[in-house]
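J.: Sequence plus predicted model, see below.
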Amino acid sequence: MMRVAVLASGGGTNLQALLDTCQGSAPARVVVVISNKATAGALERARAAGVATEVLADPGDGEGIVALLRSYDADLVVLAGYLKLVPEAVVKAFENRMLNIHPALLPSFGGPGMYGHRVHEAVLASGATISGPTVHMVTAEYDRGPIVAQWPVPVAGDDTPETLAARVLEVEHQLLPAVVLAAARAGHVVRLVGKEAAFGGSATPGPVADATLWV
């Protein structure tokens, strides 16, 4: 059973997707949710699911986060709307065992300050015809880690940041749990290489569960 720790700053809808997926006979469990905000909705979702919660307002040099993660025997760390730069100490302690989900197709539309609706506004301003979420390894730089999986979402001509965000978020709720379950089954983070419908820019992306190759 892979023990998953989640770092979150906001409402926690991606966390909820993980909580809903990682139950029953699933090979992964969320064991703790850590937030930098005591009022984060993610904490309420965790408590409702009987999952431990911790608040660490200032990550400092990262040693506090490392200590917390180790106290819960975390095998995998998932950033789900965590709006702080992860300190290098945490990245080193959980190298290749920390994932983030970003609401655009990296390497475009990432970096400092690129989160939430800012990302979708930038996508629309660029004239891009395809967007979608990216799951990537966490490094000491915002949104620069190796890409693990992406799922394209077409941009409609009449999209607003709100409508695009809603469609991308719907796919995030499928992609992130799929990556976590794949990691749990393999015993380590793997890169998903799927069918063209899932990763090739199709207007109707297929499910990530159809991935045909794991590397």
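T.: Arrived safely. For clarity, every value in this text was computed on a predicted model and none was experimentally measured.
J.: Show me the longest helix that occurs in the protein.
T.: Counting by DSSP state H, the longest helix found in the chain is helix 161-186.
J.: Below-threshold pLDDT in this protein: ranges please.
T.: Within the chain, the segments meeting pLDDT under 70 span 192-215.
J.: where exactly do the strands run in it?
T.: 2-7, 28-35, 52-55, 76-79, 98-102, 130-131, 134-137, 147-150, 153-154, 192-193, 213-214 (DSSP state E).
J.: Including mean neighbour count and distance to A122, could those go into JSON lines?
T.: All C-beta spots, glycine's among them, are computed from the backbone N, C-alpha and C. Formatted as JSON lines, these follow (neighbours: other Cβ atoms under 10 Å; distance: least, Cβ to Cβ, whole Å):
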{"stretch": "strand 2-7", "mean neighbour count": "25", "distance to A122": "24"}
{"stretch": "strand 28-35", "mean neighbour count": "23", "distance to A122": "26"}
{"stretch": "strand 52-55", "mean neighbour count": "16", "distance to A122": "31"}
{"stretch": "strand 76-79", "mean neighbour count": "24", "distance to A122": "20"}
{"stretch": "strand 98-102", "mean neighbour count": "24", "distance to A122": "12"}
{"stretch": "strand 130-131", "mean neighbour count": "20", "distance to A122": "10"}
{"stretch": "strand 134-137", "mean neighbour count": "23", "distance to A122": "14"}
{"stretch": "strand 147-150", "mean neighbour count": "21", "distance to A122": "17"}
{"stretch": "strand 153-154", "mean neighbour count": "20", "distance to A122": "15"}
{"stretch": "strand 192-193", "mean neighbour count": "18", "distance to A122": "25"}
{"stretch": "strand 213-214", "mean neighbour count": "11", "distance to A122": "32"}
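J.: Reformat the ones you listed as JSON lines; add distance to V90.
T.: Shown next, in JSON lines, are those (distance: least, Cβ to Cβ, whole Å):
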{"stretch": "strand 2-7", "distance to V90": "9"}
{"stretch": "strand 28-35", "distance to V90": "11"}
{"stretch": "strand 52-55", "distance to V90": "14"}
{"stretch": "strand 76-79", "distance to V90": "8"}
{"stretch": "strand 98-102", "distance to V90": "7"}
{"stretch": "strand 130-131", "distance to V90": "29"}
{"stretch": "strand 134-137", "distance to V90": "13"}
{"stretch": "strand 147-150", "distance to V90": "18"}
{"stretch": "strand 153-154", "distance to V90": "30"}
{"stretch": "strand 192-193", "distance to V90": "24"}
{"stretch": "strand 213-214", "distance to V90": "26"}
